Each structure stands twice: as C-alpha cells, then as structure tokens.
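Chemist: give the three-dimensional model of this entry:
(2 chains)
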Amino acid sequence: SAVISQKPSRDICQRGTSLTIQCQVDSQVTMMFWYRQQPGQSLTLIATANQGSEATYESGFVIDKFPISRPNLTFSTLTVSNMSPEDSSIYLCSVLTGPYEQYFGPGTRLTVT
Amino acid sequence: QKEVEQDPGPLSVPEGAIVSLNCTYSNSAFQYFMWYRQYSRKGPELLMYTYSSGNKEDGRFTAQVDKSSKYISLFIRDSQPSDSATYLCAMAQGGSEKLVFGKGMKLTVNP
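Modeler: Reported below is the predicted structural model:
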C-alpha cells in the first residue's frame, strides 16, 4: 500500500481563477493518476501522470484545462484552470503500487462560485 | 449503455445481516475486478481485487466474479455499523491500468 496526502483538502474559488492541487506519496511510484468524482457520478479518470513524460489525458479532458506536472516519483500536481461552477467536484490522485493495486489520496473538495 | 452499472442504492440493513452488492458490465475485455470502500469525506480504499472468474474471500468479505454473465458481487457477512460506507466496483482490461468505476452503492448498517 501507500500513504498519500493531498493539499488543499478543500477550497472555494471564484470562477475564472485557477487552483493547483498537490499530491504527495510516501514511496516512489511510477504511475500516478488524477480522477474527478462528481455527485451521483462514477469516479472518472482525468489523466495518467508518469515521471519524465507528458501526462496522458482521457477523452473529454485537455491539457490546457487540466495541466499536470510530475517532477519526481513521489509528487504530482493537477491545476484546474479558468474554473467554472461545473468544475466543482472532488479531485483525487491515486498511485499504482502493484498490478492493478491502486491506492487513493483523501481528495480535494473544490467549490467554484 | 454504460460500461459498468451499479445500483446506487441507498441500502440499509440491520447489524449482522449478510449484504450483497453487485455490478454488471458490458465490456468482455475486463479481466480484473476490484471493490473499493469509501467513507464519507475520504478517498476510496481498496478492499479486494480478483482476476477473471471465481471467488475470493478475505475475512467477512467475499468477492465473486461471473464472467459468463458479466456480473460481479461483493458479499459482507455479519455486517457491522463500521461497514457503513459507499462501495464502488471497478474493472480493468488486461494489460491496462485504467480503472472503470461504477457509481457506488451507499450502505448503512444500523446497530
């Protein structure tokens, strides 16, 4: 398993602004993922972040809106840019520690007004 | 049709009951099946994962996969109030780490 922390745990932001969410894991991992969890909806993968390469985005998510950094094997950031109320959601990072074993952080609860 | 369907509930049971949680799926390429538990305001916690068809048991929890019916289940025996949480099923194709989740079923176990 892995111990994962996220900052901030929650935030309230105004539309048009950007928020950067940090994800820190207690061990080196190759693969990190960013998810969005909206009320009444499935957890949805935004992108896969591998150290040393560009993030891979899922259909419906673009780099300009959700830029991701992965500077080393224990850290990643997700930025939610030019926010609108539709971006209000819980954002979660996860790491892969073994075959098909993904562990999640506690999430960042974002409200956009 | 969504790739993974899960009844969102909610489901309320008395303490000690046997709980059955289910998901169906449409993608026959799914080979790995997981169950996550998510407490309120926390991240999902991996409970169990299984490969292909069959059963897997871990304490009070049993995961069951029926690939012929594209149906997976999680059974909780002797349910406890501490089991009250949202349970999410997730699946992955062989060779892919991308998980596809159900919407989650909210379970309440009443003392």
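Chemist: going forward, measure contacts between C-alpha atoms and count neighbours the same way
Modeler: Will do.
Chemist: setting the sequence-adjacent residues aside, check what's closest to the residue nearest the centre of chain A.
Modeler: Averaging the C-alpha coordinates of chain A gives a centre point, and the residue nearest to it by C-alpha atoms, centre = their mean is residue A:34 (3.4 Å). Setting aside the residues directly before and after it, residue A:34 is nearest to residue A:93 in space (C-alpha to C-alpha, 6 or more residues apart in numbering or on different chains), at 4.5 Å.
Chemist: please apply the same query to residue B:110.
Modeler: Nearest one to residue B:110, counting by C-alpha to C-alpha, 6+ apart, is residue B:14 at 4.8 Å.
Chemist: burial measure for the one you found, as a count.
Modeler: Per other C-alpha atoms under 10 Å in any protein chain shown, the neighbour tally for residue B:14 reads 15.
Chemist: give the residue spans of chain A that score low on pLDDT.
Modeler: For chain A, no stretch is flagged by pLDDT under 70.
Chemist: I misspoke; the intended subject was chain B.
Modeler: For chain B, residues meeting the criterion pLDDT under 70 lie at B:1.
Chemist: redo that, cut-off 90
Modeler: Counting by pLDDT under 90, the low-confidence segments of chain B come to B:1-2, B:7-9, B:49, B:51-54, B:93-98.
Chemist: what does it have sitting close to chain A?
Modeler: Taking C-alpha under 8 Å from any C-alpha of the partner chain as the measure of proximity, chain B contacts chain A at B:32, B:41-46, B:49, B:92, B:97-104.
Chemist: what about those residues, which are in strands?
Modeler: By the criterion of DSSP state E, membership of the residues of chain B next to chain A in strands covers B:32, B:45-46, B:49, B:92, B:100-101.
Chemist: just to revisit the earlier point, please name the residues that touch the residue nearest to residue B:110.
Modeler: Residues counted as contacts of residue B:14 (C-alpha atoms under 8 Å, 6 or more residues apart in numbering or on different chains) are B:79, B:109-111.
Chemist: hmm, which of those are the buried ones?
Modeler: B:79, B:109-110 (16 or more other C-alpha atoms under 10 Å in any protein chain shown).
Chemist: got a quick PyMOL command for the buried subset of the residues of chain B next to chain A?
Modeler: Buried members of those, identified by 16+ other C-alpha under 10 Å, are gathered into one PyMOL selection as follows:
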select buried, chain B and resi 32+43+44+45+46+49+92+97+98+99+100+101+102+103+104
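Chemist: so what's the residue count around residue B:31?
Modeler: Residues lying near residue B:31 (other C-alpha under 10 Å) number 18.
Chemist: ditto for the one 5 residues further on
Modeler: By other C-alpha under 10 Å, 21 other residues sit near residue B:36.
Chemist: is it true that it lies in a strand?
Modeler: Yes. When the secondary structure is assigned by DSSP: H, G, I helix; E, B strand; the rest coil, residue B:36 falls within a strand.
Chemist: all strands of the chain, in order?
Modeler: The chain I'm using is chain A. Listed in chain order, the strands of chain A (DSSP E) span residues A:4-7, A:10-13, A:19-25, A:31-37, A:44-50, A:56-57, A:68-72, A:75-80, A:89-98, A:101-104, A:108-112.
Chemist: can you look at chain B instead?
Modeler: B:4-5, B:11-14, B:19-25, B:30-38, B:45-51, B:54-58, B:61-66, B:71-76, B:85-93, B:100-101, B:105-110.
Chemist: make TSV from the ones you listed and add distance to residue A:101 to it.
Modeler: Formatted as TSV, the entries for these read as follows, by distance: least, C-alpha to C-alpha, whole Å:
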stretch	distance to residue A:101
strand B:4-5	19
strand B:11-14	27
strand B:19-25	19
strand B:30-38	9
strand B:45-51	8
strand B:54-58	16
strand B:61-66	16
strand B:71-76	17
strand B:85-93	11
strand B:100-101	14
strand B:105-110	21
